[in-house]
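Participant: structure for this input, please:
(chains A, B and C, ligands or ions: 3)
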Amino acid sequence: MGMRFFGASVLRKEDPALLTGKGRYVDDVKLPGMLHAAFVRSTYAHALIKSIDKSAALALPGVVAVLTHADLPEPMRSRRLPLYVPHPAIKQTFMPWPLAKDEACFAGEAIAIVVAESRYIAEDAAALVEVDYEVLPASIDPREAILAGAPLAQHGATSNIVTQVPVKIGDTDKAFANAPHIFREQFAMHRGGPFFLECRGVVADWDATAEQLTVHASSQGSHRFKRTFIDLLDLADNQVRVITNDVGGGFGPKGSFYVEYAALAAATIAVGKPVKWIEDRRENFVATQQERDQYWDMEVAVNEQGKLLGLRGKLVHDGGAYVTWGLVLPWIAATSVIGPYVLPNYQLELIVAMTNKITCSPVRGAGRPQGCFVMERMMDRIAQELGLDRGEVRRRNFIQPDQFPYKVGLIFRDGRPVTYDSGDYPKSQQMALDHMDWENFRTRQEAALKQGRYIGIGLSNAVEGTGLGPYEGATIRISTSGKIVVFTGATPQGQSHKTTLAQIAADHLGVDYNDVSVVTADTATIPFGMGTFASRTAVNAGSSVHLAAIEVREKIKKIASELLEVSPDDLELKDGAVEVRGVPGLRKTFRELAYNAVGLYGFSMKADRDPGLEATSYFKPEQSTYANSCHVAEVEVDIETGHVKVTRVLVNHDCGNVINPMVVEGQIVGGVAHGIGNALFERLLFDETGQPLTTSFADYLLPMATDVPNVETLHTETPSPLNPIGVKGAGEGGTIAVIAAIISAVEDALRPFNVRLTEMPISPERIVELVLDAKHK
Amino acid sequence: MKPAPFTYHDPATTAEAVAVLASHENARPLAGGQSLVPMMNFRYAAPDHLVDLNGIESLRSLEVGARIAIGAMTRQREVEFSTDLAAACPILIEALRHVGHRQTRNRGTIGGSLCHLDPAAETPAIMLLHDATVTTQSAAGSRDLPMGDFALGFMTSALEPDELLTRVSFDAWPQDHGWGFEEYARRHGDFAIASAGVLLTLDARGAVERFAMVIGGLGPTPQRLHDFEAQALGAMPDDDFIKAAANAARSVEAMDDAHVSARYRQHLASVMSARALRRALACAAQRSLQHA
Amino acid sequence: MPDIRKISVTVNGKRHEAEVESRLLLADFLRNTLDLTGTHVGCEHGVCGACTVMVDDHSARSCLMFAVQANGKSITTIEGLAQADGSLSILQEAFRQKHGLQCGFCTPGMLITLTEHLRDNPDPTEEELREVLTGNLCRCTGYQAIVEAGLDAAAKMRASKAEHA
Ligand SMILES: Cc1cc2nc3c(=O)[nH]c(=O)nc-3n(C[C@@H](O)[C@H](O)[C@H](O)COP(=O)(O)OP(=O)(O)OC[C@H]3O[C@@H](n4cnc5c(N)ncnc54)[C@H](O)[C@@H]3O)c2cc1C
Ligand code: FES
Ligand code: FES
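Facilitator: Ligands and ions are numbered 1, 2, ... in the order given. Purely as a prediction, here's the structure:
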């Protein structure tokens, strides 16, 4: 098989519709008789709900129903949302009720759903629902929440510690006892969010006659949603269908199942009509999950040469009000610390705190940016203390290319030992440094300083576990029209699966990629799926499409060989037909073969053949594949205003084989912008009572076109041995390491003031404060 | 985020508009809608009657001469692209380029900016810098107010609920005046954390002949530095002078909020005023060369 | 009693008469009343730019206008940007070539903003495009490909104009 499309920057199949306004996002779904929902949300971070008076709301013309927890159908009423990723270490598994039952645990938690003829009226009515609260003390700062005597974030909790687990490699105490240098640093990483442009949304439609629930959702995995509806309502497989069409960005938090979705199902069942709920931006700021609050108190031990002897300390992770994602985030953070370096001894006390803030879920990077930040900041500190170049310190610590597969000594979030499959970290960094002329930066920096300009350069490396299991699947079917469709549970939100998966299939089937349709995330078309998150789709869905396409190809050859009476080996697939090699004209079209494969009414089917020109494959990776990247950033700091201008960013990225370079490039560049937001702009604030203070795009600053530079990229391709197409994930690699690189660059620009930066994001105000403090010293 | 219900009025004249305002409780004028409609969508504002001024042609005007007069409903865009204003009052155009974005300036109006009176808004600051006169109209008649009296407090103007702002006017500065406007906002088009505007003329010796300076974003309304302005007259604009201006700006009383401390605002005000002043001086020097 | 108004609006060259409640946002009118769902709603407070449409000759936030205010006006949405024969406009095609969209949610606003800007400034610099694009947020692309698409479209439009001159 020739690789015509795999590896080519072909144009996206998604684009013509999206460029002409013909996308189908959830808010574009319009069903006959459809009603609209709005939510009544807790105005307090922590309160008991004493009573709810919905009479005024119900009296408003156009209002159809108001449901509270008491109005939910059984068994939903007596069930909390299921925990996605249970773990034996999780001591307190608090999950939310579909609508708050008698306690609200964060400001914004849904308490009642109003259904009306329009969203306008639903909002009018929501304002009329009277909730009588008894305000309770709230725990907001996770560092305080875990102390004895802190207000409990949930009724019935024994403390605010969800779990406390040790992470351990080697004998850290011993390593520290003999270490010539030990440095301590405390890191603070703050909350940001996904802030996809399309807010969440659901249209739920209960067909009372057929007893079937159809849900259109803006999601990152329709199958998981289906499973949750089944769990909450005790329905059978045929009774729930979840469809996700176009999605306007996900970045992690659209992967969670939220209480609003359960309430929508309850609402459509109650009113017998389809009900739509589209989250508005204010709700998005108080109800969509967020991430990145972590506090690390760490010590690093190194030898005289700057080689790592050990790392130890404590991580306090703010999980927010509910434990939806269990240990996932802090665990990823804890394992990502190691990065591309040999770390012989490591000990971390990992504490997950429960607070009265919005629940945390993975956001682009999912704990990795924090882990990377800790190690990379430490590397810079070591360089500074030992008078070494920052690149050199890292060079001395890299895992070498001949050490793969490299066992880090920890268990990853996939349940398998962290085993890096492939990579060449020293080369990756060297390429990046050369490209940026790292060697000569000091000269440029001094010249700039003479003009009163403060420029800096920073670098950062990351290793990223991608392509997590358990599986993703693909069914490829050629219908009797000869048309080819790939069905998969992967759920794109901009990642171009409809193009890349078609590219993979097209090569095997000998057709143009435009002749392969890809249907994603409709649970009626493929029974199992996980969805698109954690940079897993190219690996999982890509591999299953590859395997299924090969199976279909073999089936085509087999049937054709029987019909044409030639050996399958003499056949080749070309332009929607199979041909005897060297004998043009001796061929069978896919249409003919598909017709044949379906079977003839009343005739017996061959024993060795399953009906249909189709195959299904579920690729189940043994373990994660580990992508890596080196980021170098240059900045200019205005020391008077504290403003940081990111002037250059280079990413040298290795995600194994690349299916579509244009798409990968887009993922990386976009990821960098997200990381620039995390480094410099994006911060969700809460006051001491837990009221969110950033509830609009005027307070929460997403990077704009003038805040990001043109990102330069280099690609190293170290194919992964762990899947048949040799790919690794690419969705988050742009974000993870850029944050540390930028902070490193800012610190470097401020060299004359000798400041140390240990937090992200870093605000201009903070920079001015540090510079002024240094000047006054 | 849908607005609460209201009754819509679309008067064709100012007289009709003020009559509607006078005869209805909780009525609110709607100009470009770039501040009011977001507030309505958040339901921070819920007028029962919305009086749309967009159909009142007479409120759209731009006169540029020795006196400059701008009708309330003149769009920010129209001012931004006025070549007459570019010559007569370039600082206004420079400041307007910091107001939101292309799409918001296409609809946002000068009058709307003045009435909304965000503490960091550029237009009120520039009007205060020019000692502009605000003209209002109600069913009872018309009033002229100095900008300083119009800006009463935090997002609060001196307008009565039944009163419209109809125009703002001010004397153009001499052709050879120097000007400088600087602001610091986190991102392009955001409301500034602090801003500074300077107008000045120099005499033949190069000493300050006429001087005005405004600071935006610190207090509830923009502030003129009257004391410093008085001291400035006759001064030689050297580095000490700039330092003194920066110090005067720093001492303007400032507000704290969740995102920014008062101290940082004051620090930025001093930085912005030094920068604006330097630009104004360079500009005046260059212009006097051109005129010589 | 809801305040209902009769309006007549031309959208993408087609006249529509409708009765609307006065509080109906123009974005909702386009999307729900006229079923022109290409215009997107991302914030409803004027910042994200996804809802940007052309009102008469200028771009505007359709989340900050009421449908009643569009009475007598001519509106262009993303559905109205393609060429007469249905093929992509030069700008749309440039977005496709340069990968100027990922999820596509910001795209309607991006296209309208750039359509206006390139009409008024046929030879823009990168800096200028970045500045005008501050009125539109994108979470996916990092803007780079959008800026490239804008520059590419401008060059192609100039070339095609020169050809037809
Ligand atoms: C994303 C974004 C960024 C922005 N950035 C900035 C910025 O950096 N700087 C800045 O200054 N502004 C900024 N703004 C706001 C600016 O765009 C508005 O145009 C301005 O604040 C209000 O003008 P308007 O014509 O839109 O008025 P409207 O929003 O229609 O009205 C504002 C207020 O003034 C009242 N009003 C309006 N006209 C009159 C009148 N003639 N008589 C009596 N009352 C009247 C209204 O009742 C209302 O209370 C921004 C807006 C957005 C959406
Ligand atoms: S929806 Fe109108 S600007 Fe965001
Ligand atoms: S392409 Fe997704 S927001 Fe721009």
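
Participant: taking chain C, what residue is nearest to chain A?
Facilitator: Closest approach between chain C and chain A, counting by Cβ to the nearest Cβ: residue C:38, at 1.9 Å. Any C-beta I mention is one placed from the backbone N, CA and C, and that applies to glycine too.

Participant: and for that residue, nearest residue in space, chain neighbours not counted?
Facilitator: Nearest non-adjacent residue to residue C:38, counting by Cβ to Cβ, 6 or more residues apart in numbering or on different chains: residue A:21, 1.9 Å away.

Participant: do you know the pLDDT at residue A:413?
Facilitator: Note for residue A:413: predicted pLDDT of 69.

Participant: got the residues of chain B near chain C?
Facilitator: Residues of chain B found near chain C (Cβ under 8 Å from any Cβ of the partner chain) are B:1-8, B:10, B:33-34, B:37-38, B:41-42, B:50, B:52, B:54, B:77, B:100-104, B:106-107, B:187-189.

Participant: chain center to stretch B:253-267: distance?
Facilitator: A distance of 21 Å separates the C-alpha centroid of stretch B:253-267 from that of its chain, computed with Cα atoms, centre = their mean, to the nearest Å.

Participant: check for me that the residue nearest to residue C:38 belongs to a strand.
Facilitator: No. Using DSSP: H, G, I helix; E, B strand; the rest coil, the assignment for residue A:21 is coil, not a strand.

Participant: circling back to that earlier point, can you say which of the residues of chain B next to chain C are buried?
Facilitator: B:1-8, B:10, B:33-34, B:37-38, B:41-42, B:50, B:52, B:54, B:77, B:100-104, B:106-107, B:188-189 (16 or more other Cβ atoms under 10 Å in any protein chain shown).

Participant: just the element for the residue most central in space within chain C, please.
Facilitator: Central residue of chain C (Cα atoms, centre = their mean): residue C:112, 2.7 Å from the mean position. Residue C:112 belongs to helix C:107-120 when assigned by DSSP states H and E.

Participant: is the following helix or strand past that helix up against ligand 1 anywhere?
Facilitator: Of the helices and strands lying after helix C:107-120 in sequence (DSSP H and E), the nearest is helix C:126-132. No. Helix C:126-132 lies apart from ligand 1 when judged by Cβ under 6 Å from any ligand atom; the minimum separation is 13.4 Å.

Participant: residues touching helix C:126-132, excluding its own?
Facilitator: With contacts defined as Cβ atoms under 8 Å, 6 or more residues apart in numbering or on different chains, helix C:126-132 is touched by A:705-706, B:101-102, B:188, C:113-114, C:117, C:121, C:124, C:143, C:147, C:150-151.

Participant: closest to ligand 2 out of these?
Facilitator: Within the contacts of helix C:126-132, the smallest distance to ligand 2 is 9.6 Å, found for residue B:101 (Cβ to the nearest ligand atom).

Participant: quick one: the closest one and residue B:108 touch, right?
Facilitator: No. With contact defined as Cβ atoms under 8 Å, residue B:101 does not reach residue B:108; the gap is 9.8 Å.

Participant: phi and psi next, for the most centrally placed residue in chain A.
Facilitator: Per Cα atoms, centre = their mean, the C-alpha nearest to the average position across chain A is that of residue A:252, at 3.4 Å. Phi and psi for residue A:252, reported as degrees, to the nearest 10, are phi 120, psi -60.
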